[in-house]
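Chemist: Provided below for reference: sequence and predicted model.
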Amino acid sequence: MPAPSSPRTDIQGLRALAVAAVLGFHLWPASVTGGYVGVDVFFVVSGFLITSHLLRRPIRSGRDLLGFWARRVRRLIPAASLVLLVTLVASAVWLPTTTLVQVGREVLASALYVENWALASAETDYLAADQLHSPVQHYWSLSIEEQFYLVWPLLLAAVAWAGLRARRRRRDPERTTAALAVALTGAVLVASLGWSVWMTWAEPAAAYFVSTTRFWELALGGLLAAVLARRAVRAPVPAQVGAEPGTPRSAGVLRVTAAWAGLAMIAVAVLTFDAATPFPGYTALLPTVGALLVILADADRLRGGPGGALRWRPVQWLGDTSYSVYLWHWPLIVVVPFALGRDLGTVDLLAILVGTLLLAWFSQRHVEDRLRFHPALTRRLGATFALLGACVVVVGGAAVGVWVTASAAERDALAEARTAVAQAAPCVGAEVVRDDDCADPGLLLGPTAAAQDKPVVYADGCWNNAPFTTRNTCTYGPGTTDDTEGTEGPTARLALVGNSHAGHWVPALEDAIATDGWQLDTYLQSVCYTVDAPIEFPGEGVSEACQATNRWAVGSIVAGGYDLAIMSDRTDQHLAGVPREQQDAAAEDAYRETLATFTDAGIPVLVLRDTPAMPENVPDCLAQHAGDPDACGAPPAQALEPDPLAAAARADTTGLVSVTSVDHLMCDEICHPVVGGITAYFDHGHLTATFARTLAPEVTGAVRAALEGPP
């Protein structure tokens, strides 16, 4: 494929449009709801340019391959490494200590260009969804591109090798190479797009990040390059993307139409797509095909097209610096609010925009361009790969250092907090509210310790998580009478059923399990609450699997001969097919059926009303608002979410269902995130194990009353 006669200013304009969309989405997400598609435009451009380059300069030896990778290293790695290092330092200075383990882990993943896979894994973790956004989260797209640059030249090298084989067989090597390149890019496009459509439906959280659902977008641009290369070896004139002088007027009209239509398709996606749009999947065809049409139209030499606007000097500058702009903007958005100690206003957002452009100019001029063309690096491949190794070692080593140090600090903080709580007992936590003679002991369990202070059910793997294919249970307390010779059986068998807001009550029961001889079996489902009705979940078959898991849990309890069922749920996910305004009533009806299943079997039920929920992750917020914990609280009207399970329990008339609430110990004019010197939450709504233990008198008292039955 011949080189273009001049630089493609329309492609630089397309890059500017893409990075502007991403900036708008991250700075003003309520207005530019679909700006995330700018990344997909980048993918198409990258696929086109890289494939064009590899077809012009085929990989025919190991040195060719190393040379290609070396050019990518000089172009991309130094600037990316600089931003990672600066972000790591800024995070250590300004971000909450509760986030540093995550930041260190993700900076390492970004330095190794596997951040997209790390995020895909985290997206399947329900608790991870409550974490502060990582300041290097945007490296997921760079990771996909780097993985593409690693694999793609190898595949096209095989195509070039096949072309050489064709020459030996007295066939036209150029035509063979071009035809095989079209077949290769087309096959990757079809396979990856098909997988993307399926996975976006089946596992949408992971589908957004994994490489296999995104490679088709790069292959789309690559397919255009391959088709043009094939045209070049079949036509007697150079195959430019656009038409040469003398092209019929109808062809010019088609190109103008394609250029403007492509830009319109991108604009429609940017302005109308939002978080509810299934993505990437088939919906990503709108912006990616739009980008492809703009490239195909070759607007640089097109009268009546958008070439004039795309050539505008500020647009070209933004296109030239788009890589550095992308690198710098997201760390600033994440870190600056913590550095300022307040939420960002319009002036702050504009300042971040200006700061992003200035930093991008600096790094593009003094890092990207200087190292990209430095003679000491361009003349020797070894020097370039030594630079790569140095970047990975420095950034990766610093990330591991932060990760290890922050992990040790968390462990030490939790150990110290537990010691302090034990020494201050009994006047800690809820006891300070119960007993007027107890003075507030000061902050004993702080945010760093609280983030790790989770109930034992997490470490013990008691959960059944989406897609709900497991049937995990845990048992605490003595076994059955015939478990071990000489071992007494439990005085009562209790079943704890519900989602994660049931699991956080286990610490409140632990002491009584030991002293009263109770046996507790858990039936815990993450997010999925205990109703026999379809609950909305993203992904194929997840709703049905949740419902089946609930049937299994309730059926096991009914058949298990339990003395008491303890229920607690956060009713957060919507019931499928139910209007929003009817959700609470429908959920209450569904809970009544669950309660009736237990009471019809003669099993008493204790419902623990759901605890208050805070507006954001409490440990992160407390670390940001040291000395003012109530800044992280919320008024009862906001914090006490509707609990249809508790409402259904209060309406029960069998006498077998009782309800207990601890709201009075956590709320007055405000629902407090810290009670009696103990941080009450390890995220935004799950109780820390230490605080839950201080609620034992209410919880165990209610259990004993339920076991005794009505007077």
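Modeler: That came through fine. Numbers count the residues shown, from 1 in each chain.

Chemist: quickly list the domain ranges of this protein.
Modeler: 9-403, 455-615+640-667+694-708 (automatic domain parsing).

Chemist: so how far is the last one off the chain centroid?
Modeler: Just to be clear, that refers to domain 455-615+640-667+694-708. Relative to the centre of its chain, domain 455-615+640-667+694-708 is centred 28 Å away, using C-alpha atoms, centre = their mean, to the nearest Å.

Chemist: list the contacts for the residue lying closest to residue 70 once chain neighbours are set aside?
Modeler: Distance criterion C-beta to C-beta, 6 or more residues apart in numbering; nearest residue to residue 70, sequence neighbours excluded, is residue 384 at 4.1 Å. Backbone N, C-alpha and C define where each C-beta goes, glycine included. Neighbouring residues of residue 384 by C-beta atoms under 8 Å, 6 or more residues apart in numbering: 70, 73-74, 377-378.

Chemist: tell me which of those fall in helices.
Modeler: For those, the ones inside helices are 70, 73-74, 377-378, with DSSP state H as the criterion.

Chemist: from these, pick the one nearest residue 688.
Modeler: Checking the ones in helices among the contacts of residue 384 against residue 688 by C-beta to C-beta gives residue 73 as the nearest, at 45.8 Å.

Chemist: so residue 201, which of the three states?
Modeler: helix (DSSP: H, G, I helix; E, B strand; the rest coil).

Chemist: now name the helix or strand holding the residue nearest to it when sequence neighbours are not counted.
Modeler: The spatially closest residue to residue 201, leaving aside those adjacent along the chain, is residue 540, at 5.7 Å (C-beta to C-beta, 6+ apart). Assigned by DSSP states H and E, residue 540 belongs to no helix or strand.

Chemist: next one: phi and psi at residue 540?
Modeler: phi -60, psi 130 (degrees, to the nearest 10).

Chemist: give me the neighbour count for it.
Modeler: 15 (other C-beta atoms under 10 Å).

Chemist: my guess is it contacts residue 204. True?
Modeler: No: using C-beta atoms under 8 Å, residue 540 is not in contact with residue 204, being 9.8 Å away.

Chemist: re the thing from before, what's the farthest-apart pair in the contacts of residue 384?
Modeler: 73 and 378 (11.4 Å).

Chemist: who's more crowded, those two?
Modeler: Between residue 73 and residue 378, residue 73 has the larger neighbour count (other C-beta under 10 Å), namely 22 against 16.

Chemist: what about the more buried one, distance to residue 326?
Modeler: 18 Å (C-beta to C-beta, to the nearest Å).

Chemist: and the longest helix for this structure?
Modeler: Per DSSP H, the chain has its longest helix at helix 381-424.

Chemist: do me a favour and get the end-to-end distance for stretch 57-66?
Modeler: End-to-end distance for stretch 57-66: 13 Å, by C-alpha to C-alpha, to the nearest Å.

Chemist: so which bits of that stretch are buried?
Modeler: Across stretch 57-66, burial judged by 16 or more other C-beta atoms under 10 Å covers 58-59, 64, 66.

Chemist: show me the contact partners of stretch 358-371.
Modeler: Residues contacting stretch 358-371 (C-beta under 8 Å, 6+ apart): 74-75, 78-79, 82-83, 320-321, 323-325, 327-328, 332, 377, 387.

Chemist: check which helix or strand residue 449 maps to.
Modeler: helix 447-450.

Chemist: show me what that helix is packed against.
Modeler: Helix 447-450 is packed against helix 381-424, helix 618-624, strand 678-679, with contacts defined by 3 or more C-beta pairs under 8 Å, 6 or more residues apart in numbering; DSSP states H and E.

Chemist: export the next helix or strand after the first one to PDB, keeping only CA atoms.
Modeler: Toward the C-terminus, helix 381-424 is succeeded by helix 430-434 as the next helix or strand (DSSP H and E). Extracted C-alpha coordinates of helix 430-434, given in PDB (Å, rounded to 0.1, in the frame of the first residue of the first chain):
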ATOM      1  CA  ALA A 430     -23.900   1.300  70.100                       C
ATOM      2  CA  GLU A 431     -23.300   1.000  73.900                       C
ATOM      3  CA  VAL A 432     -22.400   4.700  74.000                       C
ATOM      4  CA  VAL A 433     -25.900   5.500  72.700                       C
ATOM      5  CA  ARG A 434     -27.600   3.000  75.100                       C
END
